[in-house]
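Q: Everything below, folded, please.
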Amino acid sequence: MAKKIPLRQCVGCGEMKGKKEMLRVIKTAEGDICLDITGKKNGRGAYVCKSKECLREAHRNKGLERSFKMNIPQEVYDTLEREFEKLEAE
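A: So this is what the prediction gives:
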């Protein structure tokens, strides 16, 4: 029997993709929002495609805000974008 691939929906573009193809953004118990590279950190997770376009789209359509049921300040998006750039550079 083929192993089922867990699918997740991008909060930016809305596309369904395999969990491994996406980046997980989490909200920790303290209410901090950060990228979870390992995909194993504790916290409420939302998934974004590995493209800055989808991160910007998630900002525009408030996808992350809906997922985490909270307002997300601009600084958090700036930080996420910088973390994205680091990943792309690797």
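
Q: residues near I26, how many?
A: 17 (other CB atoms under 10 Å). C-beta: built from backbone N, CA, C; applies to glycine.

Q: Next up, the contacts around the residue nearest to it when sequence neighbours are not counted.
A: For I26, ignoring the flanking residues on the chain, the nearest one in space by CB to CB, 6 or more residues apart in numbering is G43 at 3.7 Å. When contacts are counted by CB atoms under 8 Å, 6 or more residues apart in numbering, G43 is found next to I26, K27, T28, A29, D36.

Q: ok, 6 Å please
A: With CB atoms under 6 Å, 6 or more residues apart in numbering as the criterion, the residues that contact G43 are I26, K27, T28.

Q: mind listing which of those are in helices?
A: Helix and strand membership here follows DSSP state H; of the contacts of G43, not one is in helices.

Q: Which of those fall within strands?
A: For the contacts of G43, the ones inside strands are I26, K27, with DSSP state E as the criterion.
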